[in-house]
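Asker: structure for the following, please:
(2 chains)
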Protein chains: 2
Amino acid sequence: MTSDKIVNGVNVDQLFGAVELFKEKPDLAKFKFRARNTWRDGTHSQATVKDFYGPGQEDNSREATVFELDEPPVLLGNNLGMNPVEYLLVALSGCLTTALIAHASAKGIAIKGVQSRYEGDIDLRGFLGIAPDVKVGYEEIRVYFTIEADISEAEKEELVKKAQQYSPVFNTIFQATPVAVHLEKS
Amino acid sequence: MTSDKIVNGVNVDQLFGAVELFKEKPDLAKFKFRARNTWRDGTHSQATVKDFYGPGQEDNSREATVFELDEPPVLLGNNLGMNPVEYLLVALSGCLTTALIAHASAKGIAIKGVQSRYEGDIDLRGFLGIAPDVKVGYEEIRVYFTIEADISEAEKEELVKKAQQYSPVFNTIFQATPVAVHLEKS
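Answerer: Take a look at the predicted model:
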């Protein structure tokens, strides 16, 4: 019986094991993630996440989690949940953080703390269709990281760079991603 | 005293009021949304959403909401929350739904129900840095809408098209969006 190497709470032996497995069997690296949404009323909807596909099989083992989405009253809602563009920042925050930690762990760098803050600019004239030259999505998102670790500023900068390079959510946003929207025939 | 026109739970008078206001005073349409993230351990982090900016002022009136982000055990986590790429689908789901409902309401179309499901493909060889030609983010996201309303299929298709055209999260993902990541000096 051997003990796995754990760095920053990440099982590094399992991480390198996945690297070797996916090099040998690339199909096992192909995951599918999912969500469902039901409109409730006005700007309020509920999204549910449960199952996913990978590695090589359906995974239904998790309990479902329901997320409430709404707008504040100034945006026609009733504050029954945070709004969709805020959920996007939540997604980005978790992904950059995990990518940073995974990379540091693989390198054997001990991390004491990571905090980050996110701010994105939206000009609502885009959403309202009253200014065709205005972007409908975020015009820019700014991220600020604080890293506590006994490493140099240059090494911290390198971790922030790797987080961007390997974060799926960052790259989904930063590079254009195809989204195919269909209407189910009724 | 007059009553506002409400369609699908959306105050249409307030919606058209915002259109007129933002046409007259474009600066009031410029919102900033925010999140903060604190790394907990391994792949687990917590994101908090509370304040935002707009219209023309800071808004601190909402209670903070904390979101748990983690990975399932096959992805080195402990299921302490859904994962970041799943939160991205949640964000997309709420945004497309709200854009669809807002547009239908503005047109006076009564909607009985809207459901949608989301699936995105990720090849984890990108995240793990073992296949430089593989995308790190979602390769594709597919969305399937079901709309219950007494309108034609063509009108439903038009609503699905408008949802894409005016959804901020859809457009943040579908078009490349600048994300500037900084390290705070320690």
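Asker: from here on, just use CA atoms for contacts and neighbour counts.
Answerer: OK.
Asker: so what does the spatially most central residue of chain A have for phi and psi?
Answerer: Chain A has A:A91 as the residue nearest its centroid, 3.3 Å off, counting by C-alpha atoms, centre = their mean. The phi/psi pair for A:A91 (degrees, to the nearest 10) reads phi -60, psi -50.
Asker: tally of neighbours for A:F22?
Answerer: If you count neighbours by other C-alpha atoms under 10 Å in any protein chain shown, A:F22 ends up with 21.
Asker: ok, it - contacts?
Answerer: Counting by C-alpha atoms under 8 Å, 6 or more residues apart in numbering or on different chains, A:F22 touches A:28-29, B:125.
Asker: which one of those residues is nearest B:E86?
Answerer: Sorting the contacts of A:F22 by distance to B:E86 puts A:A29 at the head of the list, at 16.7 Å, by C-alpha to C-alpha.
Asker: hmm, stretch A:146-166 in reach of chain B?
Answerer: Yes - legend: contact between stretch A:146-166 and chain B by C-alpha under 8 Å from any C-alpha of the partner chain is shown at A:146-147, A:153, A:156-157, A:160, A:164-166.
Asker: wait, A:E184 sits on B:E153?
Answerer: No - the pair A:E184 / B:E153 is not scored as a contact, 9.7 Å apart, by C-alpha atoms under 8 Å.
Asker: is the nearest residue to A:A180 once chain neighbours are set aside in a helix, a strand, or coil?
Answerer: Distance criterion C-alpha to C-alpha, 6 or more residues apart in numbering or on different chains; nearest residue to A:A180, sequence neighbours excluded, is B:R142 at 4.9 Å. Per DSSP: H, G, I helix; E, B strand; the rest coil, the secondary structure class of B:R142 is strand.
Asker: quickly list what B:R142 is bridged to.
Answerer: The partner list for B:R142 in beta bridges (DSSP bridges) reads A:A180, B:E119.
Asker: contacts only, for it.
Answerer: A:179-182, B:118-120.
Asker: ok, so of these, who is nearest A:I109?
Answerer: Nearest to A:I109, judged by C-alpha to C-alpha, of those is B:G120 at 31.8 Å.
Asker: what number of residues lie near that closest one?
Answerer: B:G120: 23 surrounding residues under other C-alpha under 10 Å.
Asker: got the contact list for it?
Answerer: A:32-34, B:138-142.
Asker: farthest pair within those?
Answerer: Using C-alpha to C-alpha, the pair of the contacts of B:G120 lying farthest apart is A:R34 and B:E139, separated by 13.7 Å.
Asker: between the two, point out the one with more neighbours.
Answerer: When A:R34 and B:E139 are compared for neighbours, A:R34 comes out ahead with 24 against 17, by other C-alpha under 10 Å.
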